[in-house]
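Visitor: this is a predicted model, with the sequence first.
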Amino acid sequence: MTEQDPIAQTLSNMDRGCFITVEGIEGVGKTTNIEFIRQYLSGFNIPLVVTREPGGTGIAERIREILLDHDQETLADDTELLLVFAARAQHLNRLIIPALARKEWVVCDRFTDATYAYQGGGRGLSVDMISQLENSVQGDLRPDMTFILDVPVELGMSRVKNRGQLDRFEQEQHDFFERVRQTYLMRAQASPKHYRVIDASLSLPEVQKSLENALSLLLVSRGIK
Ligand code: T5A
């Protein structure tokens, strides 16, 4: 997003669609529950785009491959951070911002909270640097609501391991994911209006009941329900 971009300039002030993100460590059930969110919102005839990060457009998905694949050449931490934001800039400009401007709702599997959690908390990169990149790439745009699906690290990793081959992030150790998890929880605590922490160690019906309650409040606040 550049200062010259007219969509970006006006988006923060305009009557736009709602921007929801879903976060958490590996294996918390984001994919499973985003499908539930999609079905629930479609019951209210809300025009909806479901997408993910890193990725969401052709070019951003190619950057995702670099980020997740194992390569003989180790990805430097700074390179990882810049690639995450390169993918995000593409995703925002080509998909998220135009959809919000059309007043569609956007549900995104991970967004910048994941950068604070993984690159900041996990890798230990500078939070100031992440914040500067966030401001530069997103301008004022922030999610309206972020669901953090929270499980203990052991449980998340055991769900992921059942699926077979691990990607580059999934091969990190317990301490890494503990820092990631704590960063998510701290961010939610610092801004309770924009976050809902959901206990995702409960059964799927219980998790989805919590999500339904939170979505219902969001719909009421937007005058839809
Ligand atoms: N990344 C991303 C960064 O480092 N920085 C960034 O800025 C961004 C945006 C890719 C990676 O990129 C990193 C973080 C990630 O490592 P991803 O594709 O979202 O991100 O990868 P994962 O987190 O690995 O996503 P997964 O698809 O692996 O996990 P999900 O979607 O959270 O879990 P899901 O729904 O597939 O569920 C896992 C299993 O658990 C079961 C499901 O049925 C499934 O089998 N399950 C439950 N079982 C019992 N009870 C429940 N409540 C259950 N919920 C789910």
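Guide: Arrived safely, thanks for sending. Numbering: from 1, shown residues only.

Visitor: let me see the ranges of the strands in this protein.
Guide: In chain order, the chain shows strands spanning 19-23, 48-52, 105-109, 145-150, 195-199, with DSSP state E as the criterion.

Visitor: among these, which is nearest the ligand?
Guide: Closest to the ligand of the strands of the chain is strand 105-109 (Cβ to the nearest ligand atom; 5.4 Å). For every residue, glycine as well, the C-beta is placed using N, CA and C.

Visitor: report all helices and strands that that closest one contacts.
Guide: Judged by 3 or more Cβ pairs under 8 Å, 6 or more residues apart in numbering; DSSP states H and E, strand 105-109 is in contact with strand 19-23, helix 30-42, strand 48-52.

Visitor: got the buried residues for stretch 109-127?
Guide: Using 16 or more other Cβ atoms under 10 Å as the burial criterion, the residues of stretch 109-127 that qualify are 109-123, 125.

Visitor: out of those residues, list just those in helices.
Guide: 112-114 (DSSP state H).

Visitor: of these, which is the nearest to residue 83?
Guide: If you rank those by distance to residue 83 using Cβ to Cβ, residue 114 comes first, at 13.0 Å.

Visitor: which pLDDT value goes with that closest one?
Guide: According to the model's per-residue confidence, residue 114 sits at a pLDDT of 98.

Visitor: do the same with the one 3 residues further on
Guide: With respect to pLDDT, residue 117 has a value of 98.

Visitor: ok so, going back, hey, which of the helices and strands packed on strand 105-109 is tucked in deepest?
Guide: Between the helices and strands packed on strand 105-109, the one whose residues have the most neighbours on average, counting mean count of other Cβ atoms under 10 Å, is strand 19-23 (a mean of 24).

Visitor: get me the contact residues on the protein for the ligand.
Guide: Counting by Cβ under 6 Å from any ligand atom, the positions of the chain adjacent to the ligand are 24, 26-32, 53-54, 84, 109-110, 114-115, 118-119, 159-160, 169-170, 200, 203-204, 207.

Visitor: redo that, cut-off 5 Å
Guide: 26-32, 53, 84, 110, 114-115, 118, 159, 169, 204, 207 (Cβ under 5 Å from any ligand atom).

Visitor: low pLDDT regions in this protein?
Guide: The model of the chain has pLDDT under 70 over residues 1-14.

Visitor: for residue 46, what are its contacts?
Guide: Residues in contact with residue 46 (Cβ atoms under 8 Å, 6 or more residues apart in numbering) are 105, 224.

Visitor: err, residue 21, not the other one
Guide: With contacts defined as Cβ under 8 Å, 6+ apart, residue 21 is in contact with 107-111, 113, 143, 145-147.
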